[in-house]
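Visitor: Structural data only, the sequence is not supplied:
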């Protein structure tokens, strides 16, 4: 047998063998494939092929993903895209009925399966199984569970649900709460006008009704992540744990091992709060959590606008003053507590030492600059070395002197308070201060004409009035 014939026979036998394997595989595949029907309220209904090794949750997840993929394949508009996704997600994982060809009916709760992995809620599929999804009307068929549970929320109600089912879906009692013994169920009448309160002592159980609002009672735990942040010239900067409302600033400074030799206590600041809602939190003395801000941004914005409107309502501000007032009001909120004098911190009886800190406070201790900053209409603006007892004229001369168009009213801006003070030789210049030399406002010919035109108009009006008075009194 020559080499070519041998290769041909080898290739032919390989092809025949592969075809026989393919037929065997197809035969096995056909034996492992079953038919399952989906009915009721589900994004895609009808009869579908399933593997005999598939459980209910795996099967419906696959069918659901196919339905989503088909529906979104041609969606171009992002808003329409999100609406389709939202509509397709409106089906219940609870109250599903699995009907076998034998007549057996099994109640399934895939939500519990996904929480706990209990396969009693998620059996294997069989040929000719039928899955019936319940109507999804969670606005009427629901219960709510709140309070000392791990997963508070609104859940789809299924006939026969008990308090234990609600607690199970809420993933049990939150271990952070102590002495959880009572549950209150608020139950509205059919017309919504009356409420019945059902009190349950745990671990007793009771059957639920549609619309029940369950509160697992417990005093709120105050074991929270209370902290302040200390930055700058301290020996151990960083986050410092504190109590809820009982930690003094002096105690925190001790925990960070005090100030460095280069600390500027005059310019040290304490900033209160670090969220977008400090105004509301300070106004009402409550914590507006991040979950509220993230889920209800429009509501928070409306409340903020309401607070601003309340501040304006009884004022005598004209339109031109409102921008300045808003700036000052924001500064007031963010700067609360920062005017305290850190230079007295070592005195245990001082106000600053006993200042009570709150969660989120930020303490900033800047370094000594050892300079005075001169800017504006000077030849060489910038930092000038601080020399004790020298007045503002010394620092201007060190910056090259004033320019030709310098304004006479030079201002000293204090580094600690940012207060603007008209410059005189009597004002003490401190480390970190600023000296600002403003520029004269040069008027164009057009500006001068406009201003004088206004003056002449006023003079003309006065002259007209005087002439009328003269005519009347003649």
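Guide: Nice, I can see it. The structure displayed is predicted, hence computed values, not measured ones. Numbers count the residues shown, from 1 in each chain.
Visitor: any idea how far residue 96 is from residue 197?
Guide: In this view, residue 197 and residue 96 are 33 Å apart by Cβ to Cβ, to the nearest Å. For glycine as for every other residue, the C-beta is placed from the backbone atoms N, C-alpha and C.
Visitor: Which one's more surrounded, the two?
Guide: Shown here are residue 197 and residue 96; by other Cβ atoms under 10 Å, residue 96 has more neighbours (24 against 9).
Visitor: Which helix or which strand is home to that one?
Guide: According to DSSP states H and E, residue 96 maps onto strand 94-99.
Visitor: now that strand, how far from the centre of its chain.
Guide: Chain-centre distance of strand 94-99: 38 Å, with Cα atoms, centre = their mean, to the nearest Å.
Visitor: In the stretch 201-350 of the chain, where is pLDDT below threshold?
Guide: Counting by pLDDT under 70, the stretch 201-350 of the chain contains low-confidence residues at 273-322, 324, 326-340.
Visitor: in it, which spans are strands?
Guide: Applying DSSP state E, counting those that start in this stretch to the stretch 201-350 of the chain gives strands spanning 213-216, 227-232, 238-241, 269-271.
Visitor: Could you list the residues in contact with the longest one?
Guide: Right, the one you point to is strand 227-232. Residues from elsewhere that reach strand 227-232 (Cβ atoms under 8 Å, 6 or more residues apart in numbering): 237-242, 247, 252-253, 256, 263, 268, 357-367.
Visitor: Could you give the separation between the terminal residues of stretch 82-93?
Guide: 21 Å (Cα to Cα, to the nearest Å).
Visitor: pLDDT on it, on average?
Guide: Average pLDDT, stretch 82-93: 85.
Visitor: Which positions in it come out as buried?
Guide: Buried positions in stretch 82-93, judged by neighbour count with 16 or more other Cβ atoms under 10 Å: 84, 88, 91-93.
Visitor: One more: stretch 423-437?
Guide: Neighbour counts over stretch 423-437 (16+ other Cβ under 10 Å) mark 423, 429-437 as buried.
Visitor: So for stretch 239-256, first residue to last residue, what's the gap.
Guide: Stretch 239-256 stretches 9 Å from its first residue to its last (Cα to Cα).
Visitor: I'd like the numbering to begin with 350 instead of 1 from here.
Guide: Let's use 350 as the start, then, which means that last one is stretch 588-605.
Visitor: What are the contacting residues of it?
Guide: Applying Cβ under 8 Å, 6+ apart, the external contacts of stretch 588-605 come out as 571, 573, 575-579, 583-587, 608, 619, 694, 697, 701-708, 712.
Visitor: how about 10 Å then?
Guide: By Cβ atoms under 10 Å, 6 or more residues apart in numbering, the residues outside stretch 588-605 that reach it are 571-579, 583-587, 608, 619, 686, 689, 691, 693-697, 699-708, 710, 712, 714.
Visitor: Please apply the same query to stretch 506-513.
Guide: Residues outside stretch 506-513 that contact it (Cβ under 10 Å, 6+ apart): 441, 443-445, 456, 458, 460, 483, 486-487, 489-492, 494, 504, 514-515, 517-518, 532, 534, 547, 549, 551-561, 563, 565.
Visitor: Quick check: mean pLDDT of that stretch?
Guide: 96.
Visitor: can you give me the end-to-end distance of it?
Guide: Per Cα to Cα, stretch 506-513 runs 13 Å from first to last residue.
Visitor: So which bits of it are buried?
Guide: Going by neighbour count (16+ other Cβ under 10 Å), the buried part of stretch 506-513 is 506-507, 510, 512.
Visitor: Identify the farthest-apart pair in these.
Guide: Greatest spacing in the buried residues of stretch 506-513, by Cβ to Cβ: 507 and 512 (13.6 Å).
Visitor: residue contacts, residue 615?
Guide: 690-692, 715, 717, 763-766, 779-782.
Visitor: now do 8 Å
Guide: Going by Cβ under 8 Å, 6+ apart, residue 615 touches 691-692, 764-765, 779-781.
Visitor: between the residues you listed, which is closest to residue 425?
Guide: For the contacts of residue 615, the nearest to residue 425 is residue 764 (57.4 Å; Cβ to Cβ).
Visitor: The closest one contacts residue 616, doesn't it?
Guide: Yes: here residue 764 reaches residue 616: they are 5.5 Å apart, a contact under Cβ atoms under 8 Å.
Visitor: ok, back up a step: among the buried residues of stretch 506-513, which lie within helices?
Guide: Assigned to helices by DSSP state H, the following of those qualify: residue 512.
Visitor: could the buried residues of stretch 506-513 be laid out in CSV, adding distance to residue 387?
Guide: Below are those laid out as CSV (distance: Cβ to Cβ, whole Å):
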residue, distance to residue 387
506, 22
507, 18
510, 24
512, 31
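Visitor: I'd guessed residue 741 sits against residue 759; true?
Guide: Yes: using Cβ under 8 Å, residue 741 is in contact with residue 759, at 6.7 Å.
Visitor: so what sits against both of the two?
Guide: 772, 784.
Visitor: quick one on the thing from earlier: among the contacts of residue 615, which one sits closest to residue 398?
Guide: The closest of the contacts of residue 615 to residue 398 turns out to be residue 691 (Cβ to Cβ; 74.8 Å).
Visitor: so what's the closest one up against?
Guide: Counted by Cβ under 8 Å, 6+ apart, residue 691 has contacts 614-615, 617, 701, 714.
Visitor: Next, format the residues you listed as TSV and append distance to residue 479.
Guide: Below are these laid out as TSV (distance: Cβ to Cβ, whole Å):
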residue	distance to residue 479
614	78
615	80
617	73
701	75
714	72
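Visitor: For PyMOL, what selects the buried ones among those residues?
Guide: Buried subset of those, written as a PyMOL selection, criterion 16+ other Cβ under 10 Å:
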select buried, resi 614+615+617+701+714
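Visitor: any residues in contact with both of residue 764 and residue 616?
Guide: By Cβ under 8 Å, 6+ apart, residue 764 and residue 616 have these common neighbours: residue 781.
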